[in-house]
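> mind folding the following:
(chains A and B)
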Amino acid sequence: MASREILDTYEMTIGIECHVQLATKTKLFSRADNDARDAEPNSKVVPIDYGLPGMLPVLNWEAVRLAVRAGKALGSDIALRSHFDRKHYFYPDLPKGYQTTQMYEPIIGAGLVEAPLEDGATVDVRIHHAHMEEDAGKLSHFDSYSLVDLNRAGTPLIEIVSEPDIHSAAGARAYATELYRRMTYAGVTHGDLYHGNMRFDVNISVAKKGATELGTRAEIKNLNSFRSVERAAEYEFNRQVELLEKGETVVQETRGWNDDKQITTSQRSKEDAQDYRYMPDPDIPPIMLTPEEVSEIQADFPKLPNEYRESWRELTLDSSVVNTILDNQSVAHVLDELMQQAGDNETTRRAFNWFASVQADDIDIVAVQSGIVSVERLAQLSQMVGEGKLSSTGGKEVFLALFDDTQKDMSPAEIAEKKNLLQVSDEGAIAAVVDEVLADPASAKAIADIKAGNDKAIGYLVGQIMKKSAGKANPAMAQKLIRERL
Amino acid sequence: MSTITKLLMEIEATSAEAVVRDAIEKAKADTHNTTINLAQARALERARQVDAGEVAGKLAGVPFMAKDNFLSYGTSTTAASKFLETFDAPLQATAIEKLEAEGAICIGKVNLDAFAHGGSTENSAYGVTKNAVDATRVAGGSSGGSAVAVARGIVPFALGTDTGGSIRQPASFNGVVGMKPTYGMVSRYGVVAMASGTDTVGVLASTIEDAELVMGILAGKDVHDMTTLPDYFAPVDTPKGKKLGLIKEFMADGVSKEVKSCIRAAVQSYEAKGYEVEEVSIPMLKYALAIYYIVVPAEISSNLARYDGVRYGAQRGADGALSDVYELSRQAGFMAENKRRIIIGSYVLSSGFFDAYYQKAQKARTLLIREFNQLFETYDALIGPVAPSPAFKIGDNTSDPLKMYLEDVMTVPASLAGLPAVSVPIGSDKDGLPVGLQIIGARQGDADILAIASDMEIDING
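Numbers count the residues shown, from 1 in each chain, chains lettered A, B, ... in the order given. Got it, this is the predicted structure:
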């Protein structure tokens, strides 16, 4: 490993190509089912996907619509004329001997994605373009043979190509995460990372800081998690710096990510690079759109993560809270509504923190989507805590109960009452308990301490009052009454 | 009376089964190597369904044959290649489906140049098809089998494909009508692709009327082929106008005297019928062959990439490495002419050459189309020969691919421009070899050129 001092004299430059699987019912050019998850091999294949002689592609308009929406999510202009090309190479997972893609006239033009880092700063990543293309099939290799599964062959993808605007591994992760959010928010993809719905190719080079020319890049293919994007970039930065420090050169090549060993390994050097013999596909007429059609397709667009961030800026939330909330569009939506209805940032902030503090697994998204965890219930609950009717612990407990389908008709107040969590804020009732505790000989030492100026001792007395009241006394009021009496 | 009408009367008098059986017997007895495979059992079964009244339509019981690059039931679809020798199609081409929906009966598949690459039907893995008039000469191609099957009276019509003249030239060589429609008028679905941008499905028939009837059935939008046009084809008795342009470049030195004199006679007979014929020039024609032999091989190299021996077709080298499967399967599956075109096509598409060849050829093609369009502002159709000479001797051109390509010089222009063109018999040379007249129409002017061709046909058939 190169030392931190040496690493600090270098800068990495990263561009990312991201493949997004579009959430269409059928494939890009055939009527075959597009959901190949857990399906029997070659069970989602029709003659077109099989590359049978005489078969012709029939463009799935739903894929075009999703691409046009993806373009909006990237802040890009949509090309009113785009066209498919053929990219040729021989491989058993490629039934036609070419992949149908958009080399010369992509549908999505230049755009911009602002990716938030953990510390609240952002990385601005320009989008070069994004194009539509079909996925290839899948190979499984065994000792003496390989098997071909064409279920995924022909699945519609968009490939989002970024400019080389990223200069840190954390930035690469932030960009990948933000792309994921934008694509899922826009409803372009199911975003099932486990099944490869989004895959990242990371192009990375290193050069001395201040150098005018970029170094030779390596491409790490097929990363399917944000973590692996970050780790692979980190590893690659180290590897390339080490090579340069040893006076060696970085080879332009394709590398793979070994997730078990957390290293990248060489797959193919530039010398083996294929000549893809790109050619316009004569079987598919150009996609022609009018500005009106583009607007119609992009209508009813959901609020995007960057727009939520902008709206929430005045809440001055911790950026980690914001990012956690943004990991779920439904939650973001409910909280955004809450902010607009509550009219008071403290109420809203409290709800943000509840959502951010529970594990993602604890949040029943279906309950949020179904409206059980409604803006109204959240507002009522947060206000109860604000008014001291519930302790913050009690508030959290009721918050979790909001997801319970069996209690969906109960208001937060009813739930709190049923759970016996309501705080007593009646001065007379609390005063009786306060007097009782102060009269208790066990309190004498604390009282003496307080009088001697050790204010911390009041915590003991409040604790005794809470205990006696079974947690229901409003601790702020209890404290006030103790001070009055001493 | 059209041949189809005569056959329909015969079916009425006897039975579809008798007529179909008769056609099958003729195909079996044929000595010109016309057929690759017959679909006897299925054809007879369908004939019996017609006789039982279960199948009806405009062509109920009428037998036809299809070039063996149409996917069809009842027999294999080989594209005249070893690669697809045992390929049984799981579906039928739209063209076949449409004809069957009208009750027509496909009795079998006829020979062609493998994957439709060629102009003589000598490049077939199943032997050479001989000319219908002179068995020492070629049938033309690549729809040679279709032309001979019609010329020798086996069937009244046969399906063909025309990418650069593959219907018109064999029609001319064998003395039958050959119709190549406007690109997009007939679905290409289920037809083994040669060059997607110029491939068309058409018909070879004994009369214009037969061709009109069949084209009317084939025409129209197909949801399986995005390049198809909504059905616009409506046969007409008289053309919209009678002003013809005789293409000067088609009457140049390379064209045989006898062909030229047949064309001049045709011009005179048109003039006698009230047509006005003027000589016209299309300067871009001198580049047509060069454009064609860049664009078409490029598409061929792409369309043939799927024949890799992995999923279907003849697989070789399965015991070896993946590269062995590719190399050996393709080596054995393709003919020399297929390989030649794959190599040319791969070359013009390769990095660094794409702009210099493919892109430049496409630009030149645009200019050619523009020149055609300008002429159609004045002329109702353009006429000229189909080929420089009548059918040549078998083997004469096989050693010289360039000479063979030059045979296409008059047919490729209409293909590159996507225009409809028909070849209609107008006479024969001193050896009795047929000569055809090519009539090229404006885009979607299919019905018009058939009406113009019909005026010529009446003249020669008396």
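> what segments of the stretch 51-200 of chain B are helices?
With DSSP state H, counting those that start in this stretch as the criterion, the stretch 51-200 of chain B has helices at B:94-101, B:144-151, B:168-174.
> pull out the buried positions in the first one.
I take that to be helix B:94-101. B:Thr94, B:Ala95, B:Ile96, B:Glu97, B:Lys98, B:Leu99, B:Glu100 (16 or more other Cβ atoms under 10 Å in any protein chain shown). Yep, even glycine has a C-beta here, placed from its N, CA and C like the rest.
> can you tell me what sits against it?
Residues outside helix B:94-101 that contact it (Cβ atoms under 8 Å, 6 or more residues apart in numbering or on different chains) are B:46, B:57, B:59, B:64, B:66, B:70-72, B:92, B:106, B:159, B:186-187, B:189-191, B:201, B:214, B:217-218, B:222, B:224-225.
> so which of those also contact chain A?
Residues of the contacts of helix B:94-101 in contact with chain A (Cβ under 8 Å from any Cβ of the partner chain): B:Phe70, B:Leu71, B:Tyr189, B:Gly190, B:Val191, B:His224, B:Asp225.
> count of neighbours near the last one?
Right, B:Asp225. Neighbours of B:Asp225 under the rule other Cβ atoms under 10 Å in any protein chain shown: 22.
> between the buried residues of helix B:94-101, which is nearest chain A?
B:Thr94 (9.6 Å; Cβ to the nearest Cβ).
> format the helices of the stretch 51-200 of chain B as TSV; extra columns: mean pLDDT.
Output for the helices of the stretch 51-200 of chain B, formatted as TSV (pLDDT from 0 to 100):
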stretch	mean pLDDT
helix B:94-101	98
helix B:144-151	98
helix B:168-174	98
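> distance to A:Leu400 for these - can I get that in TSV?
Compiled in TSV, the helices of the stretch 51-200 of chain B are given as follows (distance: least, Cβ to Cβ, whole Å):
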stretch	distance to A:Leu400
helix B:94-101	61
helix B:144-151	77
helix B:168-174	79
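> of all the ones you listed, which one comes closest to B:Leu433?
helix B:168-174 (7.6 Å; Cβ to Cβ).
> OK, contacts around the residue nearest to B:Thr207 when sequence neighbours are not counted?
The shortest distance from B:Thr207 to any non-neighbouring residue, by Cβ to Cβ, 6 or more residues apart in numbering or on different chains, is to B:Ser2 (5.1 Å). Residues in contact with B:Ser2 (Cβ under 8 Å, 6+ apart) are B:Pro156, B:Ser206, B:Thr207, B:Glu209, B:Asp210, B:Leu213.
> farthest pair in those residues?
Between any two of these (Cβ to Cβ), the greatest distance is 11.7 Å, for B:Ser206 and B:Leu213.
> could you list the low-confidence segments of the stretch 201-350 of chain A?
A:270-272 (pLDDT under 70).
> chain B contacts on that one?
A:Asp275, A:Tyr276, A:Arg277, A:Tyr278, A:Met279, A:Asp281, A:Pro282, A:Asp283, A:Ile284, A:Pro285.
> how much space between the fifth one and A:Glu178?
Same thing as A:Met279. The gap separating A:Met279 from A:Glu178 is 35 Å, by Cβ to Cβ, to the nearest Å.
> then the second one?
A:Tyr276 is 30 Å from A:Glu178, where distance means Cβ to Cβ.
> then A:Glu134?
Where A:Glu178 is concerned, A:Glu134 sits at a distance of 26 Å (Cβ to Cβ).
> same check, this time on A:Ala299
A:Ala299 is 24 Å from A:Glu178, by Cβ to Cβ.
> B:Asp222 now?
Applying Cβ to Cβ to B:Asp222 and A:Glu178 gives a distance of 43 Å.
> just after the one helix or strand A:Asp336 maps to, pick out the following helix or strand.
Assigned by DSSP states H and E, A:Asp336 belongs to helix A:329-342. Scanning forward in sequence from helix A:329-342 by DSSP H and E, the next helix or strand is helix A:345-357.
> list of residues touching that next one?
A:314-315, A:317, A:320-321, A:324-325, A:331, A:335, A:338-339, A:342, A:363, A:378-379, A:381-383, A:385-386, A:395-396, A:399.
> low pLDDT regions in chain B?
B:458-462.
> nearest residue to the middle of it?
In chain B, the C-alpha closest to the average C-alpha coordinate belongs to B:Ile167, at a distance of 2.4 Å (Cα atoms, centre = their mean).
> what's the separation between that one and B:Arg341?
Taking Cβ to Cβ, one finds B:Ile167 at 19 Å from B:Arg341.
> cool, B:Glu25 as well?
Taking Cβ to Cβ, one finds B:Glu25 at 37 Å from B:Arg341.
> equivalent analysis for A:Asn238, please.
With Cβ to Cβ as the criterion, A:Asn238 and B:Arg341 are 50 Å apart.
> how about B:Tyr275?
39 Å.
> who has more neighbours, those two?
B:Arg341 (25 against 20).
> beyond the host helix or strand of that one, next helix or strand please.
Element membership of B:Arg341, judged by DSSP H and E, is helix B:336-349. For helix B:336-349, the succeeding helix or strand toward the C-terminus, using DSSP H and E, is helix B:360-376.
> ok, residues contacting that next one?
Helix B:360-376 is contacted from outside by B:245, B:280, B:282-285, B:287-288, B:290-291, B:294-295, B:348, B:382, B:413, B:416-419, B:440, B:442, B:445, using Cβ under 8 Å, 6+ apart.
> that helix versus helix B:336-349: what angle between them?
Orientation check (axes from the mean of the first three to the mean of the last three Cα atoms, to 10 degrees): helix B:360-376 against helix B:336-349 gives 100 degrees.
> can you pull the buried residues of helix B:360-376?
For helix B:360-376, by 16+ other Cβ under 10 Å, it's B:Lys360, B:Ala361, B:Gln362, B:Ala364, B:Arg365, B:Leu368, B:Ile369, B:Glu371, B:Phe372, B:Leu375, B:Phe376.
> and B:Tyr126, how far from B:Asp225?
Relative to B:Asp225, and taking Cβ to Cβ, B:Tyr126 is found at 28 Å.
> what about the strands in chain A?
A:10-21, A:81-88, A:98-105, A:111-116, A:122-134, A:138-141, A:146-149, A:156-162, A:198-208, A:218-223, A:253-258, A:263-269, A:279-280, A:287-288 (DSSP state E).
> mind putting those in CSV, distance to A:Ser425 and mean neighbour count included?
Formatted as CSV, the strands of chain A follow (distance: least, Cβ to Cβ, whole Å; neighbours: other Cβ atoms under 10 Å in any protein chain shown):
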stretch, distance to A:Ser425, mean neighbour count
strand A:10-21, 53, 22
strand A:81-88, 65, 20
strand A:98-105, 65, 20
strand A:111-116, 40, 20
strand A:122-134, 44, 21
strand A:138-141, 63, 12
strand A:146-149, 65, 15
strand A:156-162, 55, 24
strand A:198-208, 51, 22
strand A:218-223, 55, 21
strand A:253-258, 58, 19
strand A:263-269, 61, 15
strand A:279-280, 75, 22
strand A:287-288, 65, 16
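> so which of those strands comes closest to B:Gln268?
strand A:279-280 (44.8 Å).
> packing partners of that closest one?
strand A:81-88, helix B:285-303 (3 or more Cβ pairs under 8 Å, 6 or more residues apart in numbering or on different chains; DSSP states H and E).
> pick the most deeply packed of those.
Mean neighbour counts were compared across the helices and strands packed on strand A:279-280 using mean count of other Cβ atoms under 10 Å in any protein chain shown; the top stretch is helix B:285-303, at a mean of 23.
> what's the first helix or strand after that one?
helix B:322-333.
> which bits of the stretch 101-250 of chain B sit near chain A?
So the stretch 101-250 of chain B meets chain A at B:188-193, B:195-197, B:223-227 (Cβ under 8 Å from any Cβ).
> one more time with 7 Å
B:188-193, B:196-197, B:223-227 (Cβ under 7 Å from any Cβ of the partner chain).
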